[in-house]
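**Student:** how does the following fold in three dimensions:
(4 chains)
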2 protein chains.
Amino acid sequence: MATGRTHRPATRSRGIPEATVARLPLYLRALTALSERSVPTVSSEELAAAAGVNSAKLRKDFSYLGSYGTRGVGYDVEYLVYQISRELGLTQDWPVVIVGIGNLGAALANYGGFASRGFRVAALIDADPAMEGRQVAGIAVRHSDDLERIIQDNGVSIGVITTPPSVAQQVCDRLVAAGVTSILNFAPTVLTVPDGVDVRKVDLSIELQILAFHEQRKAGEEAANAPAAARGDASEQGPDGDVPAVMPA
Amino acid sequence: MATGRTHRPATRSRGIPEATVARLPLYLRALTALSERSVPTVSSEELAAAAGVNSAKLRKDFSYLGSYGTRGVGYDVEYLVYQISRELGLTQDWPVVIVGIGNLGAALANYGGFASRGFRVAALIDADPAMEGRQVAGIAVRHSDDLERIIQDNGVSIGVITTPPSVAQQVCDRLVAAGVTSILNFAPTVLTVPDGVDVRKVDLSIELQILAFHEQRKAGEEAANAPAAARGDASEQGPDGDVPAVMPA
DNA sequence: ACGTGTGAAAGTTTTCACAGCG
DNA sequence: CGCTGTGAAAACTTTCACACGT
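**Tutor:** Residues are numbered from 1 along each chain as shown, chains lettered A, B, ... in the order given. The predicted structure is shown next:
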């Protein structure tokens, strides 16, 4: 068996399960909101509700980080914010570049959620000379000829691709060659990258297709309709079912 | 959130596992590309490579749909395209509305991937009177006062929310009250919906945070690192919609 | 031969339920 | 008490490996 090249134990993340990591940002957002309202402590039940998950899951998730709660009381909001931020690596500054400044690239550049949490848009890059020097979200758009220099000068390790799919792979190759090791891909293409580079994909039309699947099912049920029980369905949004892993090449 | 939480009994989707559903759009995309190049058949190995998954997983996934392949040969591309489309409910037309026509809403309106796969943007809706009547992607922007009428007149069951987080919940409530039963939420908020309504969330900053986590880990390993083994890591990309951490600066 | 289709094993994630601590 | 932290069970997903049809 085994063709020599076996896979990584994948989430060798040594410790925190991938599913938990994917939820930490959720908790962090809920906690940040509480922090702004100066709420000092929160129970797993309350926080879980705010984050849209159930409390057992949340407690289990936190147990991977350590014992940060107080029995009979709950969690200290500020302390947890700090611990999760640290775990996620958000206590440091991450310069990112966005390549492809169309509507989507512009939307991302304007997105407050980035800057507010450790991410700094180091540059906007586009291949269109007409875009050069134009300002988007207060940042000058630079030409893709300078991509390598920009990456290196700013120590960028995270790149966001919002180009048309036809050029996504070559942009990706250049980013990787220049030193980027994490890529967030919005282009509807499968990117090929060397080992050691992480790719996450966000695909707008895939999400809609998954909704359509469930929508269709609802319609079918209604039609073929057994009476009685209304099927409970939705709830606990987010990681509904998706999560085609992220890892091994 | 609310009081009577129903947790996902969900996915007794009668058959197809959620994880498989989430990959069907991926296969469909790869197959469509093959179809366009007039490739008549494809093996699980080839298709898996094109979709960025492994072949065992793909075969298992397809086995839930039925036996659509031919042993010793592979899968008929056209036939599979049809079967998957049907399974996903893409053989029918899904009118959608996009609420909140900022950069992101405009990006979505312009996104070709929608129209090409059964989705039709029935209307763009914004609360800003200044946007009213303006054309985005060839579609007139309508005022949110007309939301209910638009939903009903067009039989819309899927809504996309690209508003600021502060109004997302109320937009959601109005959509649901008007008859929408599936919502794709881009606002960084947890939406509360009644049972029977599906919500999927796409959050840009969450994806970045997950990348940051892995990036940090790489850096740590590298530092602590004995040479030798290069850790395989990335690839087999995947969606994974979730939520972010936001701190309104 | 060849590659699909699939039981069975392995791995991961969620849920349960309760011991134990403040 | 009330609520965290966690073993243990249940559910789900991925991977293996090979029988079987073409």
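**Student:** residue ranges of the helices in chain A, please?
**Tutor:** Secondary structure of chain A (DSSP state H): helices at A:18-36, A:44-51, A:55-65, A:77-88, A:103-110, A:112-115, A:147-154, A:165-178, A:204-224.
**Student:** just the CA trace of the helix or strand of chain A with the lowest mean pLDDT, in CSV.
**Tutor:** Lowest by mean pLDDT, DSSP states H and E among the helices and strands of chain A is helix A:112-115, with a mean of 81. C-alpha atoms of helix A:112-115 as CSV (Å, rounded to 0.1, in the frame of the first residue of the first chain):
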residue,chain,number,x,y,z
GLY,A,112,-13.0,47.6,8.7
GLY,A,113,-12.8,44.2,10.2
PHE,A,114,-9.3,43.8,8.8
ALA,A,115,-7.5,46.8,10.3
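**Student:** that one and chain B, are they touching?
**Tutor:** Yes - Helix A:112-115 lies within reach of chain B by Cβ under 8 Å from any Cβ of the partner chain, at A:112-115. From N, CA and C alone the C-beta is placed, and that goes for glycine too.
**Student:** format those as a markdown table; extra columns: distance to DNA strand C and neighbour count.
**Tutor:** Listed next are those as a markdown table, based on distance: Cβ to the nearest atom of the strand, whole Å; neighbours: other Cβ atoms under 10 Å in any protein chain shown:
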| residue | distance to DNA strand C | neighbour count |
| --- | --- | --- |
| A:G112 | 28 | 16 |
| A:G113 | 23 | 24 |
| A:F114 | 26 | 23 |
| A:A115 | 29 | 16 |
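**Student:** can you put these in TSV and add distance to A:K201?
**Tutor:** Output for the residues of helix A:112-115 next to chain B, formatted as TSV (distance: Cβ to Cβ, whole Å):
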residue	distance to A:K201
A:G112	23
A:G113	19
A:F114	18
A:A115	23
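**Student:** for those residues, which one is nearest A:A187?
**Tutor:** A:F114 (18.8 Å; Cβ to Cβ).
**Student:** identify the residues contacting the closest one.
**Tutor:** A:96, A:108, A:120-121, B:204-205, B:208 (Cβ atoms under 8 Å, 6 or more residues apart in numbering or on different chains).
**Student:** which intervals of chain A have sub-threshold pLDDT?
**Tutor:** In the predicted model of chain A, residues A:1-14, A:222-249 satisfy pLDDT under 70.
**Student:** anything in the lengthiest strand in chain A near chain B?
**Tutor:** The longest strand of chain A (DSSP state E) is strand A:119-126. Yes - Strand A:119-126 reaches chain B (Cβ under 8 Å from any Cβ) through A:F119.
**Student:** got the buried residues for that strand?
**Tutor:** Applying a neighbour-count criterion of 16 or more other Cβ atoms under 10 Å in any protein chain shown, the buried positions in strand A:119-126 are A:119, A:121-126.
**Student:** show residues contacting it.
**Tutor:** Contacts for strand A:119-126 (Cβ under 8 Å, 6+ apart): A:93-101, A:105, A:109, A:114-115, A:132, A:136-137, A:139-144, A:146-147, A:150, A:154, A:156, A:158, B:205, B:208, B:212.
**Student:** would CSV of the helices of chain A with distance to B:S55 be doable?
**Tutor:** Listed next are these as CSV, based on distance: least, Cβ to Cβ, whole Å:
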stretch, distance to B:S55
helix A:18-36, 22
helix A:44-51, 36
helix A:55-65, 32
helix A:77-88, 34
helix A:103-110, 32
helix A:112-115, 37
helix A:147-154, 35
helix A:165-178, 22
helix A:204-224, 20
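**Student:** out of the ones you listed, the one nearest B:A219 is which?
**Tutor:** Using Cβ to Cβ, the helices of chain A put helix A:77-88 closest to B:A219, at 13.2 Å.
**Student:** just the buried positions in the closest one, please.
**Tutor:** The neighbour-count check on helix A:77-88 (16+ other Cβ under 10 Å) flags A:77, A:80-81, A:83-85, A:87-88 as buried.
**Student:** any part of it near DNA strand C?
**Tutor:** No - residues of helix A:77-88 contacting DNA strand C under Cβ under 7 Å from any atom of the strand: none, with a closest distance of 14.5 Å.
**Student:** briefly note if that helix comes near chain B.
**Tutor:** Yes - using Cβ under 8 Å from any Cβ, we find that helix A:77-88 touches chain B at A:87-88.
**Student:** isn't A:Y79 up against A:Y68?
**Tutor:** Yes - in terms of Cβ atoms under 8 Å, A:Y79 counts as a neighbour of A:Y68; the distance is 6.4 Å.
**Student:** these two touch, right, A:R142 and A:Q135?
**Tutor:** No - A:R142 is beyond contact range of A:Q135, at 11.3 Å (criterion: Cβ under 8 Å).
**Student:** which of the two has more neighbours?
**Tutor:** A:R142 (19 against 10; other Cβ atoms under 10 Å in any protein chain shown).
**Student:** show me what that one is bridged to.
**Tutor:** With DSSP bridges as the criterion, A:R142 is bridged to A:I125.
**Student:** quick one: contacts for it?
**Tutor:** Per Cβ under 8 Å, 6+ apart, neighbours of A:R142: A:123-126, A:132, A:150.
**Student:** farthest pair in those?
**Tutor:** Farthest pair in the contacts of A:R142 (Cβ to Cβ) is A:E132 and A:I150. Separation: 13.0 Å.
**Student:** more crowded one of these two?
**Tutor:** With neighbours defined as other Cβ under 10 Å, A:E132 and A:I150 compare such that A:I150 has more, 21 against 16.
**Student:** so what's that one up against?
**Tutor:** A:97, A:122-123, A:125, A:142, A:156.
**Student:** mind picking the two most distant members of those?
**Tutor:** A:R142 and A:V156, at 12.5 Å, using Cβ to Cβ across these.
**Student:** circling back: ok, the residues of helix A:112-115 next to chain B vs chain B, which is closest?
**Tutor:** Distance ranking of the residues of helix A:112-115 next to chain B against chain B, using Cβ to the nearest Cβ, places A:G113 first at 3.6 Å.
**Student:** run a quick neighbour tally on the residue nearest to the closest one when sequence neighbours are not counted.
**Tutor:** With Cβ to Cβ, 6 or more residues apart in numbering or on different chains as the criterion, A:G113 has its nearest non-adjacent residue at 3.6 Å, and that residue is B:S205. If you count neighbours by other Cβ under 10 Å, B:S205 ends up with 26.
**Student:** and for the one 5 residues further on?
**Tutor:** Other residues near B:I210 come to 24 when the count uses other Cβ under 10 Å.
**Student:** and it, how close does it get to B:P25?
**Tutor:** Separation of B:I210 from B:P25 (Cβ to Cβ, to the nearest Å) stands at 21 Å.
**Student:** same question for A:Q92.
**Tutor:** A:Q92 is 35 Å from B:P25, by Cβ to Cβ.
**Student:** of these two, give the one with the bigger neighbour count.
**Tutor:** More crowded of A:Q92 and B:P25, by other Cβ under 10 Å: B:P25, with 26 against 12.
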